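Enquirer: What shape does this take:
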Amino acid sequence: MGFVWKIEREETPDPNKSYMFVANHTSMADIMLMLVSVKNPFVFVGKQELAKIPLFGFFYKRTCILVDRTSERSRKAVFLRAQNRLKQGASICIFPEGGVPEEDVFLDTFKDGAFRLAINHQIPVVPMTFLDNKKRFSYTFFSGGPGRMRAKIHPFIETEGLTIKDTKELNSKAKAVILKTLENNQ
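Expert: Predicted coordinates:
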């Protein structure tokens, strides 16, 4: 496809630990870059609507924890399924923007689910920034093109000792790290 990736790691995840990987969501290529960047076994939490896409949906629903964002019951069930995967030693990956924002949005609001889950399970949050994916393979048809796709794995944000009351602060910390990196690499 003409994409070359470059991964910068400020900290490297321990293969024997579980983490909450969070990244900005800008492109259809984000999933592939996440798979290349993270060596730990992990499962995505993703929106249920994508399971309807022919062929892609077949694999998607077998490899992801699906959530119907309009259903509180579904959102609660995600916590139980994620807990089971964490007990099996897997990590979790969530794009906290909850979807790919419009082309003109630099970084959308982060939802709290990933951060509540990390606090509940006392696992570190690993902020990651995807710097070039929107330019390479955006959701706008006939845009983008071959080139470099960079991912930056930032220092982990520990959750040990945090409570649900700390969710918004944890969310803000992770978002600030990603936003600063995006701003510094325009």
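
Enquirer: Low-confidence stretches in this protein?
Expert: Flagging of the chain using pLDDT under 70 yields the residue ranges 1-3, 99-105, 133-134, 136-147.

Enquirer: now do 90
Expert: Under the criterion pLDDT under 90, the flagged ranges of the chain are 1-5, 15, 24-36, 44-84, 86-87, 97-108, 130-150, 185-186.

Enquirer: where along it do the helices fall?
Expert: Assigned by DSSP state H, the helices in the chain fall at 30-37, 56-63, 72-87, 113-121, 133-136, 167-184.

Enquirer: Including mean neighbour count, could the ones you listed go into CSV?
Expert: The way it works is simple: take the backbone N, C-alpha and C, and place the C-beta from them, glycine included. Compiled in CSV, the helices of the chain are given as follows (neighbours: other CB atoms under 10 Å):
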stretch, mean neighbour count
helix 30-37, 18
helix 56-63, 13
helix 72-87, 14
helix 113-121, 22
helix 133-136, 22
helix 167-184, 16
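
Enquirer: Would you tell me which of those gets closest to residue 5?
Expert: helix 30-37 (5.5 Å; CB to CB).

Enquirer: need the contact list for residue 9.
Expert: The contact partners of residue 9, by CB atoms under 8 Å, 6 or more residues apart in numbering, come to residue 153.

Enquirer: right, I mislabeled it, should have said residue 89
Expert: With CB under 8 Å, 6+ apart as the criterion, the residues that contact residue 89 are 16, 18, 41.
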